[in-house]
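Undergrad: Fold the stuff below for me.
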Amino acid sequence: MTETSLRERKKVATRQALSRAAALLAVERGVEGVTIEAIADAAGVSPRTFHNYFPGKEEAIVAPLTDGAQAVIDALRDRPAGEPIWDALREVVREVLLPTDTRDETIALLRVVKRNPALVGKQLCGLGEMQRQIAEVIAARTGTHAGRDLYPHLLAGAAGVAMRTAVDLWVDGRSGADLPELIDSAFAQLRAGLPGP
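TA: Sure, this is the predicted structure:
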């Protein structure tokens, strides 16, 4: 193992510790009750170190959600080349969104985000960047061009809306369905051209 890879792993671990601390504090205290100093202290680093990773507390609080979006991109790149793109997208969304070890934390964080417009804005910025990168991966997989073709951008946008809608319904608990079922249904309806009920 090279020193560079060890350094990168330490940076990833520090970012994860900061973002997890920020999310847990936001759930526990509310966004207004969270300070950069408290996040840094909970993660065992200095406030200066915090600023090496995040410009503000809002970005740190939503990082578990936006960093999960990066995992979608990485997983999509790793899917088998011949797999139909809709199947690949559905599988990576299921894979990334369904870890059971942080399920309750994720639900609590999503509820905090939904109640705070500043956090919604930060989350949407992160998801917008994810959508752009997913469009590039889709373009490479489908022989289209992300710089000039609509298809990869429309598909990335539709997949993003499907993912966010399924998660919102699941977090609210009003649909009576579990998250895998909602994800499968959302992707199936989009793939079928969104037929009327």
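Undergrad: any idea how far E59 lies from G44?
TA: As judged by C-beta to C-beta, to the nearest Å, E59 and G44 stand 19 Å apart. C-beta here means a position set from N, CA and C on the backbone, and glycine is covered the same way.
Undergrad: so how far is A192 from V12?
TA: Counting by C-beta to C-beta - V12 and A192 are separated by 39 Å.
Undergrad: okay, these two: which has more neighbours?
TA: More crowded of V12 and A192, by other C-beta atoms under 10 Å: V12, with 11 against 8.
Undergrad: In three-state terms, how would G196 be classified?
TA: Here G196 is coil, with the state taken from DSSP: H, G, I helix; E, B strand; the rest coil.
Undergrad: what's the burial count for it?
TA: 3.
Undergrad: Dihedrals phi and psi, it?
TA: phi -70, psi 160 (degrees, to the nearest 10).
Undergrad: next one: G44
TA: Dihedral angles (degrees, to the nearest 10) for G44: phi 80, psi 30.
Undergrad: wait, doesn't it sit right on R20?
TA: No. In this structure G44 lies outside contact range of R20 using C-beta atoms under 8 Å: 11.7 Å.
Undergrad: okay, the two: which has more neighbours?
TA: R20 (19 against 11).
Undergrad: Secondary structure element holding the closest residue to that one other than its chain neighbours?
TA: Setting aside the residues directly before and after it, R20 is nearest to P64 in space (C-beta to C-beta, 6 or more residues apart in numbering), at 6.5 Å. Under the criterion of DSSP states H and E, P64 resides in helix 57-78.
Undergrad: Tell me the gap between that helix and the middle of its chain.
TA: 4 Å (C-alpha atoms, centre = their mean, to the nearest Å).
Undergrad: which parts of stretch 140-157 are buried?
TA: R141, T144, A146, Y151, P152, H153, L155, A156, G157 (16 or more other C-beta atoms under 10 Å).
Undergrad: Could you dump those residues into a markdown table with secondary structure and pLDDT added?
TA: Conversion of these to a markdown table gives the following (DSSP: H, G, I helix; E, B strand; the rest coil; pLDDT from 0 to 100):
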| residue | secondary structure | pLDDT |
| --- | --- | --- |
| R141 | helix | 91 |
| T144 | coil | 95 |
| A146 | coil | 93 |
| Y151 | helix | 95 |
| P152 | helix | 95 |
| H153 | helix | 95 |
| L155 | helix | 93 |
| A156 | helix | 93 |
| G157 | helix | 92 |
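Undergrad: Helices of this structure, start to end?
TA: Per DSSP state H, the chain carries helices over the ranges 3-29, 36-43, 47-53, 57-78, 85-97, 103-114, 117-142, 150-172, 179-191.
Undergrad: JSON lines please, covering those helices and showing distance to P197.
TA: Formatted as JSON lines, the helices of the chain follow (distance: least, C-beta to C-beta, whole Å):
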{"stretch": "helix 3-29", "distance to P197": "35"}
{"stretch": "helix 36-43", "distance to P197": "45"}
{"stretch": "helix 47-53", "distance to P197": "45"}
{"stretch": "helix 57-78", "distance to P197": "28"}
{"stretch": "helix 85-97", "distance to P197": "21"}
{"stretch": "helix 103-114", "distance to P197": "25"}
{"stretch": "helix 117-142", "distance to P197": "27"}
{"stretch": "helix 150-172", "distance to P197": "15"}
{"stretch": "helix 179-191", "distance to P197": "10"}
